[in-house]
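Q: Predicted structure and sequence below. I'll ask about it afterward.
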There are 2 protein chains.
Amino acid sequence: MSRKPFQRLTEADRRRGLLDATLDCIGAHGLSGASARRIALHAGVTAGLIRHHFGTMDELVRCAYRHLMDQLTGEALLASQAGRGSPEQALAQFVAANVMGPNISARKVALWATFIGRVGRAPGYSEIHRDSYRDFLELLERLIHPVRAAYALPADPDTCRDLSIALNGLIDGLWLEGSLGHGLYHADRLPRVALSAAEGVLRLPDHSLLQHLPDGPMAQN
Amino acid sequence: MSRKPFQRLTEADRRRGLLDATLDCIGAHGLSGASARRIALHAGVTAGLIRHHFGTMDELVRCAYRHLMDQLTGEALLASQAGRGSPEQALAQFVAANVMGPNISARKVALWATFIGRVGRAPGYSEIHRDSYRDFLELLERLIHPVRAAYALPADPDTCRDLSIALNGLIDGLWLEGSLGHGLYHADRLPRVALSAAEGVLRLPDHSLLQHLPDGPMAQN
DNA sequence: AATACTGTTATACATTCGTGCAACAATTGG
DNA sequence: CCAATTGTTGCACGAATGTATAACAGTATT
């Protein structure tokens, strides 16, 4: 019997590989199906490595949760920076980006939901959720404030906070339902629905956000 | 050795008991922790009964998912019927009820999220999600239409459908974040935030929904 | 009160789980 | 080019899992 040949990686690389494999396994088979052996097989290593790098299985899964949320908020931040022009454009592109590909993703929403199901039930998950939620909320506030000010609407911190909470709920809910992809309507409707609803939530004039719809407003209504 | 004394129940009663125990176990310990033995212990029976009534473990969990969604939409329907007065009042009470106790519940959101994590990944879950989502959407459309008409706003089916999609996203997102209860803001803010945002989404005059806030508007703003 | 029916218990079994641990080998520093 | 380090493998172990199945006992019928 000969041993499997292997390659020594840096701790960061090996950890990232194991975290990605963990997310893949959880996405495909759920938390129950993400066993140490399956994750290790998917990552091309053996199960003992998990103990070596993460100590316990719980710790690996918690780290995978944080890894996922870092990816999601990182992409959201990137989308917000793509809107180079007016504050309205930045906000519009950010909102739209959250209800279009690649953010609309069955894999991502399955992962997100699986972890959310553990928040408040298993130790450590609440902190990760709170941190990532706060990041998202603050990002949204910084996008909303200049737009409200540009239209001479009240933009004090309390008002902007409430508006961020509402808009965050709207984005989360639409991202969720769009990603789950029941066949009840076509996902193409979502960007327009989201932008129009966002205009209403923020009390902006009609089409102030819709006109910045990234794909171009080739549809008339 | 003496056997455990037991009681024969009707099939409906026994199934309901097992389904409730399943939801309790999933809520407390996650899908991975909801083993046949633990569920049976919690229901006061032995594990063999699960096979007798549900055949397989997968089938039990799927039935528990449907059981949960039936409960949730049942409560939502009840809340919508509590608003006896104007269409605005019915809609306002429905929206508010979804971001207040008892609908705001850490247990319920954990269960919901756990199941959502399996939609599209395991067989049978997508259908349950689609059915319950459609029910909720249609309920919302029936509440929105008369309100839009009362304010002489366009209320054609297509418009109402888009508004329902947006409002459903808003409600879902706020219910979710409120139920998860990160300590970033007090959940008391949610009903006002939700109603004000709903007014914007539906393009209703300010305070047209807020004035029907169930707890009474003792706060001035 | 005896009988039949079947809901329920109890046990068995193969499988998979997390993880502890010793041996090995890829890499690095001298 | 050799030796030390440690990332990695491979295996063992007890516990827990889903489910098959036989024996039992509550319940209803007569």
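A: Cool, got the structure.

Q: tell me which element A:L41 falls in.
A: Following DSSP states H and E, one finds A:L41 within helix A:36-43.

Q: Output the contacting helices and strands for the next helix or strand after that helix.
A: Downstream of helix A:36-43, the first helix or strand assigned by DSSP H and E is helix A:48-54. Secondary-structure packing of helix A:48-54 (3 or more CB pairs under 8 Å, 6 or more residues apart in numbering or on different chains; DSSP states H and E): helix A:11-33, helix A:36-43, helix A:57-82. Bear in mind the C-beta positions are built from the backbone N, C-alpha and C, glycine included.

Q: buried ones in the helix holding A:L41?
A: By neighbour count with 16 or more other CB atoms under 10 Å in any protein chain shown, helix A:36-43 contains the buried residues A:A36, A:R38, A:I39, A:A40, A:H42, A:A43.

Q: pLDDT score for A:D20?
A: We have a pLDDT of 98 for A:D20.

Q: ok, now which ones touch it?
A: By CB atoms under 8 Å, 6 or more residues apart in numbering or on different chains, A:D20 lies in contact with A:A43, A:H67.

Q: any idea how far DNA strand D is from it?
A: According to CB to the nearest atom of the strand, to the nearest Å, A:D20 and DNA strand D sit 14 Å apart.

Q: for A:L18, same thing?
A: 9 Å.

Q: ok, now A:R8?
A: 4 Å.

Q: residues in chain A within reach of DNA strand C, list them.
A: With CB under 7 Å from any atom of the strand as the criterion, chain A comes near DNA strand C at residues A:2-3, A:5-8, A:33-38, A:47-48, A:50-51, A:56-58.

Q: Restrict those to the buried ones and give me that as a PyMOL selection.
A: Burial among those is assessed by 16+ other CB under 10 Å; the matching PyMOL selection reads:
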select buried, chain A and resi 33+34+35+36+38+50+57
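
Q: Kindly export the strand or helix carrying A:A166 (C-alpha atoms) in PDB.
A: Per DSSP H and E, A:A166 falls inside helix A:157-180. Provided in PDB are the C-alpha atoms of helix A:157-180 (Å, rounded to 0.1, in the frame of the first residue of the first chain):
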ATOM      1  CA  PRO A 157     -29.600  60.100  11.100                       C
ATOM      2  CA  ASP A 158     -32.800  58.800  12.700                       C
ATOM      3  CA  THR A 159     -34.700  59.100   9.500                       C
ATOM      4  CA  CYS A 160     -32.000  57.500   7.400                       C
ATOM      5  CA  ARG A 161     -31.700  54.700   9.800                       C
ATOM      6  CA  ASP A 162     -35.400  53.900   9.600                       C
ATOM      7  CA  LEU A 163     -35.200  54.100   5.800                       C
ATOM      8  CA  SER A 164     -32.200  51.800   5.700                       C
ATOM      9  CA  ILE A 165     -34.000  49.300   7.800                       C
ATOM     10  CA  ALA A 166     -37.000  49.300   5.500                       C
ATOM     11  CA  LEU A 167     -34.900  49.200   2.300                       C
ATOM     12  CA  ASN A 168     -32.700  46.500   3.700                       C
ATOM     13  CA  GLY A 169     -35.900  44.400   4.400                       C
ATOM     14  CA  LEU A 170     -37.100  45.100   0.900                       C
ATOM     15  CA  ILE A 171     -33.800  44.000  -0.700                       C
ATOM     16  CA  ASP A 172     -33.400  41.000   1.500                       C
ATOM     17  CA  GLY A 173     -37.000  39.800   0.800                       C
ATOM     18  CA  LEU A 174     -36.700  40.300  -3.000                       C
ATOM     19  CA  TRP A 175     -33.300  38.700  -3.200                       C
ATOM     20  CA  LEU A 176     -34.600  35.800  -1.200                       C
ATOM     21  CA  GLU A 177     -37.700  35.100  -3.300                       C
ATOM     22  CA  GLY A 178     -35.900  35.800  -6.500                       C
ATOM     23  CA  SER A 179     -33.100  33.400  -5.700                       C
ATOM     24  CA  LEU A 180     -35.500  30.700  -4.600                       C
END
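
Q: Excluding chain neighbours, give the residue nearest to the residue sitting nearest the centre point of chain A in space.
A: Nearest to the centroid of the C-alpha atoms of chain A, with distances taken as CA atoms, centre = their mean, sits A:L72, at 3.4 Å. In this structure, A:L72 finds its nearest non-sequential neighbour in A:K108, 6.9 Å apart by CB to CB, 6 or more residues apart in numbering or on different chains.

Q: now that neighbour, what's its secondary structure?
A: Here A:K108 is recorded as helix under DSSP: H, G, I helix; E, B strand; the rest coil.

Q: Could you tell me how many residues sit around it?
A: If you count neighbours by other CB atoms under 10 Å in any protein chain shown, A:K108 ends up with 19.

Q: what does the one 4 residues further on give?
A: When counting by other CB under 10 Å, one arrives at 24 neighbours for A:W112.

Q: How about A:V99?
A: For A:V99, the neighbour count with other CB under 10 Å is 26.

Q: That one touches A:L174, doesn't it?
A: Yes: with contact defined as CB atoms under 8 Å, A:V99 and A:L174 form a contacting pair (5.0 Å).

Q: shared neighbours of these two, anything?
A: Common neighbours of A:V99 and A:L174 (CB under 8 Å, 6+ apart) are A:L190, A:V193, A:A194.

Q: tell me which of the residues you listed is nearest to A:V147?
A: A:A194 (15.2 Å; CB to CB).

Q: residues in contact with the closest residue in space to the closest one that isn't next to it in sequence?
A: Spatial nearest neighbour of A:A194, chain neighbours left out: A:V99 (4.8 Å); criterion: CB to CB, 6+ apart. Residues near A:V99 by CB under 8 Å, 6+ apart: A:I171, A:L174, A:W175, A:G178, A:A187, A:L190, A:P191, A:V193, A:A194.

Q: which helices and strands does the lowest-mean-pLDDT helix or strand in chain A pack with?
A: Sorting the helices and strands of chain A by mean pLDDT, DSSP states H and E puts helix A:57-82 at the bottom, at a mean of 92. Judged by 3+ CB pairs under 8 Å, 6+ apart, the packing partners of helix A:57-82 are helix A:11-33, helix A:48-54, helix A:87-97, helix A:106-116, helix A:125-150.

Q: go again using 10 Å as the cut-off
A: Packing partners of helix A:57-82 (3 or more CB pairs under 10 Å, 6 or more residues apart in numbering or on different chains; DSSP states H and E): helix A:11-33, helix A:36-43, helix A:48-54, helix A:87-97, helix A:106-116, helix A:125-150.
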